[in-house]
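Colleague: below are the sequence and a predicted model for it; my questions follow.
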Amino acid sequence: MTAIDDNPAPEKRLGSAKRGYSGKIHKVAADGVNSSLSALELESRLLELGFVEGARVEVLHEGIVGGDPIAVRIDNVTVAMRRREAMAVIVV
């Protein structure tokens with residue numbers, strides 16, 4: 001008999017993930033994120049970079065000062081980004 005997991009993995013924001021984190025993108029939601037871009041612009045840019053639902057994501061590197069920026073691998077592409085903008089990416 002196989003048990004069904006009623007507790008799916010909790011969502012977290014990519015901007016709060018530490019080096020070595022690996023997961024899957026659940027959605028991009030920039031509302032309330034502190035960025036110089038509008039929420040719509042930030043979401044559009046992230047989607048253009050490959051931050052799409054279902055993509056595998058891994059935090060490869062953190063900056064020395066305050067852990068910012070971070071280097072993230074999305075599928076086979078590596079992107080450097082500010083943590084505050086990575087807060088718009090919801091991962092599981």
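Modeller: Looks like it arrived, so ask away.
Colleague: going forward, measure contacts between C-alpha atoms and count neighbours the same way
Modeller: Fine.
Colleague: the helix or strand hosting Ile25 pairs with which strands, parallel or anti?
Modeller: Taking DSSP states H and E as the criterion, Ile25 maps to strand 22-28. Strand pairing for strand 22-28, determined by DSSP bridges: strand 56-62 (antiparallel), strand 89-91 (antiparallel).
Colleague: that strand: what's the following helix or strand?
Modeller: Moving toward the C-terminus from strand 22-28, the next element (DSSP H and E) is helix 39-49.
Colleague: helices or strands up against that following helix?
Modeller: Contacts defined by 3 or more CA pairs under 8 Å, 6 or more residues apart in numbering; DSSP states H and E place helix 39-49 against strand 22-28.
Colleague: for the residue sitting nearest the centre point of the chain, report the pLDDT, please.
Modeller: The centre of the chain sits closest to Leu14, judged by CA atoms, centre = their mean, with a distance of 3.3 Å. If you check Leu14, the pLDDT there is 96.
Colleague: thought it was touching Ala86?
Modeller: Yes: shown here, Leu14 and Ala86 form a contact pair, counting by CA atoms under 8 Å, at 5.4 Å.
Colleague: okay, now the unreliable bits of this protein?
Modeller: By pLDDT under 70, the weakly predicted segments of the chain are 1-9.
Colleague: try 90
Modeller: 1-11, 30-38, 65-68, 75 (pLDDT under 90).
Colleague: for the residue nearest to the centre of the chain, what are its contacts?
Modeller: 83, 86-91 (CA atoms under 8 Å, 6 or more residues apart in numbering).
Colleague: change it to 10 Å
Modeller: Going by CA atoms under 10 Å, 6 or more residues apart in numbering, Leu14 touches 21-25, 57-59, 70, 72, 83-92.
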